[in-house]
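*Asks:* Below is the sequence, then the predicted model.
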Amino acid sequence: MAQVLITRKFRLDNLNIPGIDDLFVQYRDLVNKQINLGLQLPSSVFDNDSLVSVKKFYRQLPKQQCDLKERVHRCGSQLSYFAVKEYRRNQRNLIEIINIQLRNGFFYNSNKEILENTDLSYFEIDNKLNFINNKLIDRLKGPDLQLFFTDGKEQKKYQLLVNNKLNDNKFIVDTLKSFKQRAVRRLNKRFRELQQSKSSSRSNYDSTIVKMLNLSSIADVVNVGDKQWSRAKIAWKQDLDNSLNQLVPNLQINNWGRQFDNVRLLLLKPGNDRLWINGASFTDLLKFIDLEFDILLREQIIAYLKINYLKVINHELQVILKDLNSNTPDILKIPELNKSSIPLGIDDGQVYRLKELDDRVEITLSLIANEFVSTDLRTVDRYEELIKLGFKSQRGVLNFSRGKYYIYIPFTKKASEERDGDLTASADLGLKTLATLSVYKKTKEIDRQFLDQKNMGGKKDDWFVNPKSINIKSKLMDRRLIARDNQSMRMKSKKGTMKHWFARDRQRTQWRKIKNSNLEIIRQLSARTISYLNYHGVGTLVLENMKWSRHGARSKVGYFLATWQVHWFFSQVQTMLINQCKLHGIHVELVDPRNSSKICSKCSKIGKRQGKQFYCSNTSCSLKHVDSDLNAARNLIQRSKRYKHYQKLLSDAIS
């Protein structure tokens, strides 16, 4: 039977242990020595997570001399055991990733093979690959890596490419077409803002609009009709064509190599090639053409580097692989305890004893042989409250922080099984709708709920009965814009000036507020989901297996989704939900979410998703269209073991 775990922090008053500060230092040194010794043991020692494995690990360590009693040494072995185990896991995954890269080629996208051969998610794989790239950037230094286009032959080769492209009419036509498409979208947007008086700020497109419409000032745009604006755009496009045709024969691109001043970053972190315009004038068109050349040459240079420096990179990967196998701290940092805490998990009463008296709770500690010190817990009512709820206290962790002593005590109890086994719910997490909940009784849906920002206000217990609106998404977007404005100001200002420090402090303050807001969203979202599950008495919650999730490009998912996903990880919500479900006796099942948003929950045929609506392509299906998130939530439930079990029983009964 599953157990529910809650940890509470209690302050200890009048803890008088002679030289206790020095004992914390000795314990920290003891654990760090055990970690270094554990790295020399074979990997088979760390295969299991049981306390029996920890005790076997402790017996293989040489005894160390210090003032702490031997039983405290055993308590430290638990911390060092799991620290070494996690280090070995990271080491093993990095070695496997490097071997796959050496086998397939460093520049080959091996994410799928890495996913199948390791226990990492896509997010963790991206982090590991960035880690390897950063190590390569640090190692690839020196005179061996010079920019290849400093050679006269290479310069002539790529200057010839520039001249050929200048004479290529198709390239110029395509570039002009792309510029006009981008500029028209921004001009239309700005024109609508001015026409409806929605914006009082100035824009780089204002002067172009005034010139296109032959106006005296930008304020006169409100009197311009749609037909006049359409004629002005046609004339503007024709002027661009004529001006470019006159200039092309004399067009020169002289500073084509200005971006490529660091071959290591160009090769390992080339960045995204984005064509960005900030105006619609002829000068902006020339800048756009110049940027097109830069991107073209960047692609050619990267292709050259991949061929000529692949052997150098493979050699450096071999060196990194050798350092990983030898536990070199420069490659992968060896874990180290730097906190003043002593966990008391592996103990049979010789170090830590807790005694419940009439009106107080007494803690007895013995860190030194034959010396016992007793003290009382503060806020006993918090302890008694959990005991009344059926929890049992376990061995805790002694901690020293800011001149005060605390003890963290875990409480456990068996998870409740008084749940309706026929009721199953799923939660499809999203950004537009934070969570879409669907409740099934056996194979039939009995209720559904959409949890969004409008449900984040008010009491959490009845949010689905009396919702209160709160626009938290708008606040977060505004704070991100302020943070980025201050980041831009900090980058442009000279380091050491008041303007630089002011922008830096403002930027840090905004990102701290954003982080706190995101954490509050996670807490509110999980609390309100659990409240809804308790209302129906749901026994099983079905969630997505986030191992397959990954970031989406801004060009594909849009600015809003791309901005949120940087600081909003669904795994954080899931972790909180899983922990809360354990407290409330709700079983959690993770299912593969792939194509859950593309398949119809009624007929299982591939459909089409447009924004918040899903349209089934099967003409004979009774479900023509439905909310896309609700459709995904239903698909998640239908992939659960409980739903498949009831589906099988139903089909057997019919047959």
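*Replies:* Okay, I see it.
*Asks:* mind listing the helices for the stretch 501-650 of the chain?
*Replies:* 554-567, 570-583, 628-638, 641-654 (DSSP state H, counting those that start in this stretch).
*Asks:* can you tell which of those helices is closest to Tyr108?
*Replies:* Between Tyr108 and the helices of the stretch 501-650 of the chain, the shortest separation by CB to CB is 22.3 Å, and it involves helix 554-567. From N, CA and C alone the C-beta is placed, and that goes for glycine too.
*Asks:* avg pLDDT for that closest one?
*Replies:* Averaged across helix 554-567, the pLDDT comes to 49.
*Asks:* quick one, which of the helices of the stretch 501-650 of the chain is nearest to Asn325?
*Replies:* For Asn325, the closest of these is helix 570-583, at 30.4 Å, according to CB to CB.
*Asks:* from the chain's centre, how far out does the closest one sit?
*Replies:* Remark: helix 570-583 is offset 16 Å from the chain centroid, using CA atoms, centre = their mean, to the nearest Å.
*Asks:* what comes up buried for it?
*Replies:* For helix 570-583, the neighbour count (16 or more other CB atoms under 10 Å) marks 570, 572-574, 576-577, 580-582 as buried.
*Asks:* packing partners for it?
*Replies:* Using 3 or more CB pairs under 8 Å, 6 or more residues apart in numbering; DSSP states H and E, the elements in contact with helix 570-583 are strand 3-12, strand 420-429, helix 498-536, strand 538-544, strand 587-591.
*Asks:* Provide the contact partners of the second one at residue level.
*Replies:* Around strand 420-429, the neighbours that count as contacts under CB atoms under 8 Å, 6 or more residues apart in numbering are 435-442, 529, 532-533, 536-544, 570, 573-574, 577, 596, 629-630, 632-634, 636-637, 640, 642-643, 646.
*Asks:* Buried subset of the residues you listed as a ChimeraX selection?
*Replies:* For the buried members of the contacts of strand 420-429, the matching ChimeraX selection, counting by 16+ other CB under 10 Å, is:
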select :435,436,437,438,439,440,442,529,532,533,536,538,539,540,541,542,543,544,570,573,574,577,596,629,630,632,633,634,636,637,640,642,643,646
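*Asks:* okay, and the helix or strand of this protein with the least pLDDT?
*Replies:* Between all helices and strands in the chain, the lowest mean by mean pLDDT, DSSP states H and E belongs to helix 554-567, at a mean of 49.
*Asks:* if we can go back for a sec, so which of the helices and strands packed on helix 570-583 is nearest Lys135?
*Replies:* Short answer: helix 498-536, nearest of the helices and strands packed on helix 570-583 by CB to CB, at 26.9 Å.
*Asks:* Report the mean confidence score over that closest one.
*Replies:* So the average pLDDT for helix 498-536 ends up being 84.
*Asks:* Name the spans of the stretch 251-400 of the chain whose pLDDT lies under the cut-off.
*Replies:* In the predicted model of the stretch 251-400 of the chain, residues 251-266, 269-277, 345-348 satisfy pLDDT under 70.
*Asks:* how about a cut-off of 50?
*Replies:* Along the stretch 251-400 of the chain, segments meeting pLDDT under 50 span 254-259.
*Asks:* All the strands of it, residue numbers only.
*Replies:* Using DSSP state E, counting those that start in this stretch, the strands of the stretch 251-400 of the chain run over residues 341-343, 352-356, 361-365, 373-376, 392-393, 397-401.
*Asks:* Show me what the fourth one is packed up against.
*Replies:* With contacts defined as 3+ CB pairs under 8 Å, 6+ apart, strand 373-376 has these neighbours: strand 361-365.
*Asks:* Which strands and helices lie in contact with the strand it packs on?
*Replies:* If you count contacts as 3+ CB pairs under 8 Å, 6+ apart, strand 361-365 packs onto strand 352-356, strand 373-376.
*Asks:* buried stuff in that strand?
*Replies:* 361, 363, 365.
*Asks:* Give me the contact list for that strand.
*Replies:* 12, 15, 17, 351-355, 372-377, 380, 383, 398, 407.
*Asks:* and if we set it to 6 Å?
*Replies:* Contact with strand 361-365 is made by 353-355, 372-377, 380, 383, as judged by CB atoms under 6 Å, 6 or more residues apart in numbering.
*Asks:* Name every strand pairing with it and say which way it goes.
*Replies:* According to DSSP bridges, strand 361-365 has the following sheet partners: strand 352-356 (antiparallel), strand 373-376 (antiparallel).
*Asks:* Out of these, the one nearest Lys515 is which?
*Replies:* Comparing these by CB to CB, strand 352-356 comes nearest, at 35.3 Å.
*Asks:* can I get the CA coordinates of that closest one in CSV?
*Replies:* Provided in CSV are the C-alpha atoms of strand 352-356 (Å, rounded to 0.1, in the frame of the first residue of the first chain):
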residue,chain,number,x,y,z
TYR,A,352,17.9,10.5,17.9
ARG,A,353,15.0,9.8,20.1
LEU,A,354,11.6,11.5,20.2
LYS,A,355,9.3,11.2,23.2
GLU,A,356,5.7,12.4,23.4
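*Asks:* That strand: how far from the chain's middle?
*Replies:* Relative to its chain's centre, strand 352-356 lies at 42 Å (CA atoms, centre = their mean).
*Asks:* neighbouring contacts of it?
*Replies:* Here strand 352-356 makes contact (CB under 6 Å, 6+ apart) with 344, 362-364, 393, 395.
*Asks:* Mean neighbour count and distance to Leu102 for the helices and strands packed on strand 361-365 - can I get that in JSON lines?
*Replies:* What follows is the helices and strands packed on strand 361-365, written out as JSON lines (neighbours: other CB atoms under 10 Å; distance: least, CB to CB, whole Å):
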{"stretch": "strand 352-356", "mean neighbour count": "16", "distance to Leu102": "50"}
{"stretch": "strand 373-376", "mean neighbour count": "16", "distance to Leu102": "57"}
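*Asks:* Excluding covalently adjacent residues, which one is nearest to Leu37?
*Replies:* Excluding the flanking residues, the one nearest Leu37 by CB to CB, 6 or more residues apart in numbering is Leu61, at 5.4 Å.
*Asks:* I meant Arg139, not that one.
*Replies:* Glu316 (5.0 Å).
*Asks:* these two touch, right, the one you found and Lys135?
*Replies:* No: the pair Glu316 / Lys135 is not scored as a contact, 8.3 Å apart, by CB atoms under 6 Å.
*Asks:* neighbour-wise, which of the two wins?
*Replies:* A count of neighbours by other CB atoms under 10 Å puts Lys135 above the other of Glu316 and Lys135, at 22 against 18.
*Asks:* which residues touch the more buried one?
*Replies:* Counting by CB under 6 Å, 6+ apart, Lys135 makes contact with Ile320.
*Asks:* Need the CA coordinates for the helix or strand in which it is found. PDB is fine.
*Replies:* Assigned by DSSP states H and E, Lys135 falls within helix 122-139. Provided in PDB are the C-alpha atoms of helix 122-139 (Å, rounded to 0.1, in the frame of the first residue of the first chain):
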ATOM      1  CA  TYR A 122      14.000  15.600 -24.200                       C
ATOM      2  CA  PHE A 123      14.600  18.500 -21.700                       C
ATOM      3  CA  GLU A 124      17.400  16.600 -20.000                       C
ATOM      4  CA  ILE A 125      18.900  15.600 -23.400                       C
ATOM      5  CA  ASP A 126      19.000  19.300 -24.500                       C
ATOM      6  CA  ASN A 127      20.700  20.200 -21.200                       C
ATOM      7  CA  LYS A 128      23.300  17.400 -21.700                       C
ATOM      8  CA  LEU A 129      24.000  18.400 -25.300                       C
ATOM      9  CA  ASN A 130      24.400  22.100 -24.200                       C
ATOM     10  CA  PHE A 131      26.800  20.900 -21.500                       C
ATOM     11  CA  ILE A 132      28.900  19.000 -24.000                       C
ATOM     12  CA  ASN A 133      28.900  21.900 -26.400                       C
ATOM     13  CA  ASN A 134      30.100  24.300 -23.700                       C
ATOM     14  CA  LYS A 135      32.900  21.900 -22.800                       C
ATOM     15  CA  LEU A 136      34.000  21.800 -26.400                       C
ATOM     16  CA  ILE A 137      33.900  25.600 -26.700                       C
ATOM     17  CA  ASP A 138      36.200  25.800 -23.700                       C
ATOM     18  CA  ARG A 139      38.600  23.300 -25.100                       C
END
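*Asks:* All good on my end, thank you.
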